[in-house]
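Colleague: below is the sequence, then the predicted model.
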Amino acid sequence: MTAPLLSVRGIKVSFGGVKAADGVDLDVNQGEFLAIIGPNGSGKTTFINLATGYVKPKAGTIHLEGRDITSHKPREITKLGIARAFQIPQLFGDHTVLDNLMLAVAANRGFWRWQTPLGSEGVRQAAMELLDTVGLADLAATHSSALSEGGRKLTDIALALALQPRLLLLDEPTAGVSTDEKHPLMEKLAKVLRDRGVTAVFVEHDMDLVRRYADRVVVWNQGRVVAEGPPDTVLSDPAVLRDVVGVL
Ligand SMILES: Nc1ncnc2c1ncn2[C@@H]1O[C@H](COP(=O)(O)OP(=O)(O)OP(=O)(O)O)[C@@H](O)[C@H]1O
């Protein structure tokens with residue numbers, strides 16, 4: 001069996017008296033699309049912050065393909081292949097969708113250090129390819145402030161893909177997205193990840209989406225992983241339905 005891509009062992013994080021992670025063991029396997037579910041405030045976002053280096057644990061370890069990244073800075077972790085898409089997409093609203101992507105591509109190529117021209121044809125082409133990948137090529141010239149929430153989320157995912165991640169972390173990818181847009185967004189996302197061989201973790205409150213798109217589900221409650229397995233099994237577990245799904 002292949003070693004996990006990300007391996008978390010004995011992780012503990014507290015904020016004041018709140019235990020956001022209380023001795024968590026969790027593996028993310030190569031190539032899977034893993035959902036994390038749990039009540040508000042149970043520690044799901046903290047897991048994303050830990051994996052990306054924004055929060056440091058008071059105990060435990062995090063390994064990426066066997067390399068200990070527990071003490072690494074966020075920037076170092078990004079370079080090693082972990083990217084996140086934010087719960088609230090961070091876009092420059094007064095710039096076009098293409099400009100936002102070109103900036104991300106150029107930055108990833110070392111634009112700050114090597115002065116890669118921001119508007120060079122190579123950068124433009126790579127940015128257009130990413131937009132095409134997420135189905136937004138037709139909106140390249142649109143100002144990002146004019147996008148629907150689904151469009152903003154897909155742009156944000158394209159920005160994260162510009163970092164060429166091996167592991168993509170998505171905090172509520174469909175939050176704020178209209179009901180009509182949710183399934184097309186997830187279909188597109190699942191296809192992009194599959195086509196590019198990117199492993200992904202998504203935090204989600206919509207159980208229909210979890211059941212339909214996740215390969216595996218991890219249930220987080222009060223800083224602990226309380227259940228995990230295939231969606232159909234986990235989402236029919238009476239304890240999960242009572243303590244987690246019932247309070248979402
Ligand atoms: N930087 C912080 N400072 C203080 N408390 C924090 C911080 N980050 C998280 N917490 C607290 O830790 C707990 C877990 O938070 P976290 O955001 O990880 O939960 P969550 O499961 O993602 O919640 P939600 O579903 O509402 O986004 C909460 O009680 C939260 O208030």
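Modeller: The structure has been received and is ready for your questions. If you're wondering where the values come from, they're calculated on a predicted model, not measured in any experiment. Residues are numbered from 1 along each chain as shown.
Colleague: CA only for contacts and neighbour counts going forward, please
Modeller: Fine.
Colleague: okay, now Asp195: neighbour count?
Modeller: Residue crowding around Asp195 was assessed by other Cα atoms under 10 Å; the count is 10.
Colleague: and it, which helix or strand is it part of?
Modeller: For Asp195, the host element (DSSP states H and E) is helix 179-196.
Colleague: for Val218, same thing?
Modeller: Assigned by DSSP H and E, Val218 falls within strand 216-221.
Colleague: direction included, what does that strand pair against?
Modeller: Sheet pairing of strand 216-221 (DSSP bridges) gives strand 33-37 (parallel), strand 224-229 (antiparallel).
Colleague: summarise which helices and strands the next helix or strand after the first one is packed against.
Modeller: With elements assigned by DSSP H and E, the helix or strand that comes after strand 33-37 is helix 44-51. Helices and strands touching helix 44-51, by 3 or more Cα pairs under 8 Å, 6 or more residues apart in numbering; DSSP states H and E, are strand 18-28, strand 167-171.
Colleague: of all those, which lies closest to the ligand?
Modeller: The ligand lies closest, by Cα to the nearest ligand atom, to one member of those: strand 18-28, at 4.5 Å.
Colleague: show me where this structure has its helices.
Modeller: Ranges of helices within the chain are 44-51, 74-80, 97-108, 111-114, 121-133, 149-161, 179-196, 207-213, 231-234, 238-243, based on DSSP state H.
Colleague: quick one: low-confidence ranges for the protein?
Modeller: Of all residues in the chain, those with pLDDT under 70 make up the ranges 1, 86-89, 93, 110-119.
Colleague: what does it put close to the ligand?
Modeller: Within reach of the ligand by Cα under 6 Å from any ligand atom, the chain has these residues: 15, 18, 20, 39-46.
Colleague: show me which of those residues are buried.
Modeller: For the residues of the chain next to the ligand, a neighbour count by 16 or more other Cα atoms under 10 Å gives the buried set as 20, 39, 42-46.
Colleague: among the residues you listed, which pair sits farthest apart?
Modeller: Greatest spatial distance in these: Pro39 and Thr46, 13.0 Å, computed using Cα to Cα.
Colleague: ok, and the closest non-adjacent residue to Leu241?
Modeller: The shortest distance from Leu241 to any non-neighbouring residue, by Cα to Cα, 6 or more residues apart in numbering, is to Leu235 (6.6 Å).
Colleague: can you list phi and psi of that neighbour for me?
Modeller: phi -80, psi 10 (degrees, to the nearest 10).
Colleague: ok, it to the ligand distance?
Modeller: Applying Cα to the nearest ligand atom, to the nearest Å, the value for Leu235 to the ligand is 18 Å.
Colleague: I figured that residue hits Arg242, correct?
Modeller: No: contact criterion Cα atoms under 8 Å: Leu235 and Arg242 do not qualify, at 10.4 Å.
Colleague: ok, the two, which is more surrounded?
Modeller: Each of Leu235 and Arg242 has its neighbours counted (other Cα under 10 Å); Leu235 has more, 21 against 10.
Colleague: so how far is Asp243 from the more buried one?
Modeller: 11 Å (Cα to Cα, to the nearest Å).
Colleague: swap in Thr96?
Modeller: Counting by Cα to Cα, the gap from Thr96 to Asp243 is 44 Å.
Colleague: and for Leu167?
Modeller: 29 Å.
Colleague: could you do Arg211 as well?
Modeller: Remark: distance between Arg211 and Asp243 (Cα to Cα) = 18 Å.
Colleague: for those two, indicate the residue with more neighbours.
Modeller: Here Arg211 and Asp243 are set side by side on neighbour count (other Cα under 10 Å), and the busier one is Arg211, at 18 against 13.
Colleague: this completes my enquiry, with thanks.
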